[in-house]
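S.K.: Prediction below, plus the sequence it came from.
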Amino acid sequence: MSVRKVRYYVFLKDILTLSLTSFGGPQAFLAMLLDRMVRKRAYVSEEELWELNALCNMLPGPASTQLVSAIGFRVGGPNLAYLALFVWILPATIIMIAAALLIDFLQENTPGALDFARFIQPMAIGFIIFAAQKTIGKMIKSTEAMILMLLSAFVSFFYSSPYIFPGLLILGGLSTSIKYKNQPKSEEDKTLVIRWSNFYLWALVLVIAASAGAIFKWQPIILFENFYRNGSLIFGGGQVLVPYLYTEFVDFKHFLSSEEFLTGYAISQGIPGPTFSISSYVGALSMREFGFTGILMGGLIAAAGIFLPGIFMIFFVIRFWDQLKLYRPVRAALEGINAVSCGMLIAAAYLLFEPMESSLINILFVLGTYSLLQFSKISSPMIIAGGIVLGILVNYLV
């Protein structure tokens with residue numbers, strides 16, 4: 001028993017270290033996982049790490065969080081996996097809730113409070129364009145995928161409703177699954193054994209949250225359902241989450257202004273941990289009318305809603321993944337899902353830029369941020385910190 005307790009402690013300490021130091025996006029995070037979890041600790045083999053990473057990228061939800069939980073599952077079962085999830089998301093969640101509290105305080109007490117973020121907002125667009133380029137380069141490999149991406153961008157731009165996105169993802173997956181014969185053949189196991197408990201849990205929480213929200217009309221329940229639904233539909237990582245949240249909470253419900261959203265997105269790019277942590281910021285400001293308690297509750301509810309579905313899914317699929325990945329239609333459907341996600345990213349970049357003033361300075365900061373990310377080795381936190389300092393100086397001098 002004592003050995004198992006020490007192992008839990010050491011594993012969770014490693015997760016906490018990662019949550020406080022994982023700057024630089026998914027590539028840097030994977031390099032840190034490989035170094036700490038494989039080479040130093042040997043929790044999993046390198047082959048297992050890459051396979052688990054591929055699986056998490058194929059499922060809806062936060063891929064980095066699912067990967068951390070999946071490793072915890074392999075090492076110590078569901079209990080360790082849930083503890084790892086909590087330790088991994090806690091620091092970023094606290095930082096983003098604190099950021100929401102600060103933004104709300106400044107706006108209540110200081111005229112022009114967001115002037116310090118005047119350059120951060122166009123810089124956030126530069127981050128999104130950079131993420132879109134990287135994602136498209138990785139996921140778009142055929143003419144059909146390119147067409148699906150452009151169609152998705154067109155529909156997402158002109159019909160920016162949160163209820164359009166799920167239909168687009170389903171149609172995208174179906175449209176490429178019919179090309180399953182192009183996938184390499186494998187030895188399909190006809191005796192696929194599925195344990196449905198985590199899938200039922202995912203569906204039950206979704207149904208109860210949606211029903212309770214419709215019946216009681218209580219904002220915390222509605223907020224949880226909103227984030228739980230988004231967390232169940234996001235393929236492609238944190239950058240794909242942005243158009244969902246912007247459409248639902250800025251365009252559709254007007255809980256945040258465009259300036260507030262972009263400021264929060266930029267801050268989320270400058271902190272360690274999961275990029276899905278922007279949800280805590282959005283959830284916190286969505287409940288600011290209830291004061292400090294509302295902001296704190298909103299941030300925690302959003303974190304629970306956005307992270308839980310992906311965890312239920314990885315626990316559901318990981319038990320029979322070795323069999324499921326042999327089925328060609330499953331692999332073929334991912335091409336269409338990924339293409340649609342890329343189209344949503346393109347639409348998001350324009351929809352986020354549209355409310356901003358089309359000034360030369362904003363355009364220069366968008367292009368400058370993209371150029372720094374693409375052609376320099378300056379880290380994201382340093383770029384964000386530079387934009388904040390510059391905004392403060394200009395605000396003070398002008």
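M.R.: That came through, no problem.
S.K.: Show me the helices in the stretch 151-300 of the chain, by range?
M.R.: With DSSP state H, counting those that start in this stretch as the definition, the stretch 151-300 of the chain shows helices at residue ranges 164-177, 197-216, 219-231, 238-245, 258-269, 278-286, 291-317.
S.K.: what sits up against the third one?
M.R.: Surrounding helix 219-231, the residues in contact under the criterion Cβ atoms under 8 Å, 6 or more residues apart in numbering are 60-62, 162, 205-206, 209-210, 212-213, 241, 244-245, 248-249, 276, 279, 283, 286-287, 297-298, 301-302, 304-310. Just so you know, the C-beta spots here come from the backbone N, C-alpha and C atoms, and that holds for glycine as well.
S.K.: Among the helices of the stretch 151-300 of the chain, which comes closest to V389?
M.R.: Nearest to V389 among the helices of the stretch 151-300 of the chain is helix 258-269; the distance by Cβ to Cβ comes to 13.2 Å.
S.K.: tell me the most buried of the helices of the stretch 151-300 of the chain?
M.R.: Greatest average neighbour count among the helices of the stretch 151-300 of the chain goes to helix 278-286 (a mean of 30), per mean count of other Cβ atoms under 10 Å.
S.K.: can you point me to the longest helix in the protein?
M.R.: In the chain, taking DSSP state H as the definition, the longest helix is helix 63-109.
S.K.: Where does the prediction get shaky in the stretch 101-250 of the chain?
M.R.: Across the stretch 101-250 of the chain, the ranges flagged by pLDDT under 70 are 110-117, 160-163, 165-166, 180, 183-192, 235-239.
S.K.: same thing but at 50, please
M.R.: Scanning the stretch 101-250 of the chain for pLDDT under 50 picks out 189.
S.K.: still on that earlier bit, can you tell me which of the helices of the stretch 151-300 of the chain is nearest to M123?
M.R.: helix 258-269 (5.8 Å).
S.K.: Who are the packing partners of the closest one?
M.R.: Applying 3 or more Cβ pairs under 8 Å, 6 or more residues apart in numbering; DSSP states H and E, we find helix 258-269 packed against helix 63-109, helix 120-139, helix 238-245, helix 278-286, helix 328-353, helix 380-397.
S.K.: rewinding a little: with respect to P122, which of the helices of the stretch 151-300 of the chain lies nearest?
M.R.: helix 258-269 (8.1 Å).
S.K.: For L174, give its distance to G336.
M.R.: Distance, L174 to G336, by Cβ to Cβ, to the nearest Å: 7 Å.
S.K.: Find the nearest non-adjacent residue to L168, please.
M.R.: Leaving aside its chain neighbours, L168 sits nearest to V340 (5.0 Å; criterion: Cβ to Cβ, 6 or more residues apart in numbering).
S.K.: Just the pLDDT for that neighbour.
M.R.: V340 carries a pLDDT value of 82.
S.K.: For it, grab the count of nearby residues.
M.R.: Residues lying near V340 (other Cβ atoms under 10 Å) number 30.
S.K.: Would you confirm that it contacts F154?
M.R.: No - the criterion here is Cβ atoms under 8 Å, and V340 misses it with F154 at 11.5 Å.
S.K.: Quickly list the domain ranges of this structure.
M.R.: As given by automatic domain parsing, the domain ranges for the chain are 2-84, 91-114+127-354.
S.K.: Could you dump those domains into TSV with distance to L367 added?
M.R.: Output for the domains of the chain, formatted as TSV (distance: least, Cβ to Cβ, whole Å):
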stretch	distance to L367
domain 2-84	20
domain 91-114+127-354	9
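S.K.: Out of those domains, which is closest to S379?
M.R.: Closest approach to S379 among the domains of the chain is made by domain 2-84 (5.9 Å; Cβ to Cβ).
S.K.: Average pLDDT for the closest one, rounded please.
M.R.: Averaging pLDDT along domain 2-84 gives 78.
S.K.: how much distance is there from that domain to the middle of the chain?
M.R.: Centroid separation for domain 2-84 versus its chain: 17 Å, with Cα atoms, centre = their mean, to the nearest Å.
S.K.: Same check on stretch 92-110?
M.R.: Per Cα atoms, centre = their mean, the centroid offset for stretch 92-110 relative to its chain is 20 Å.
S.K.: Give me the contacts around that stretch.
M.R.: With contacts defined as Cβ under 8 Å, 6+ apart, stretch 92-110 is touched by 19, 113-114, 260, 263-264, 267-268, 271-274, 277-278, 280-281, 284-285, 288, 292, 295-296, 298-300, 303.
S.K.: rewinding a little: of the domains of the chain, which is nearest V366?
M.R.: domain 91-114+127-354 (7.1 Å).
S.K.: mind checking the end-to-end distance for that closest one?
M.R.: 32 Å (Cα to Cα, to the nearest Å).
S.K.: Can you tell me how far G387 is from P122?
M.R.: Counting by Cβ to Cβ, the gap from G387 to P122 is 9 Å.
S.K.: Show me whatever sits in contact with both of those two.
M.R.: By Cβ under 8 Å, 6+ apart, G387 and P122 have these common neighbours: 365, 369.
S.K.: what residues are up against the residue nearest to F261 when sequence neighbours are not counted?
M.R.: Once flanking residues are discounted, F261 sits nearest to V250: 5.2 Å by Cβ to Cβ, 6+ apart. If a contact means Cβ under 8 Å, 6+ apart, then V250 has 256-258, 261 as its contacts.
S.K.: could I get those as a markdown table with pLDDT and distance to N79?
M.R.: Below are those laid out as a markdown table (pLDDT from 0 to 100; distance: Cβ to Cβ, whole Å):
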| residue | pLDDT | distance to N79 |
| --- | --- | --- |
| L256 | 92 | 36 |
| S257 | 89 | 42 |
| S258 | 87 | 42 |
| F261 | 91 | 36 |
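S.K.: Distance to G126 added to these, as TSV?
M.R.: Below are the contacts of V250 laid out as TSV (distance: Cβ to Cβ, whole Å):
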residue	distance to G126
L256	20
S257	20
S258	16
F261	15
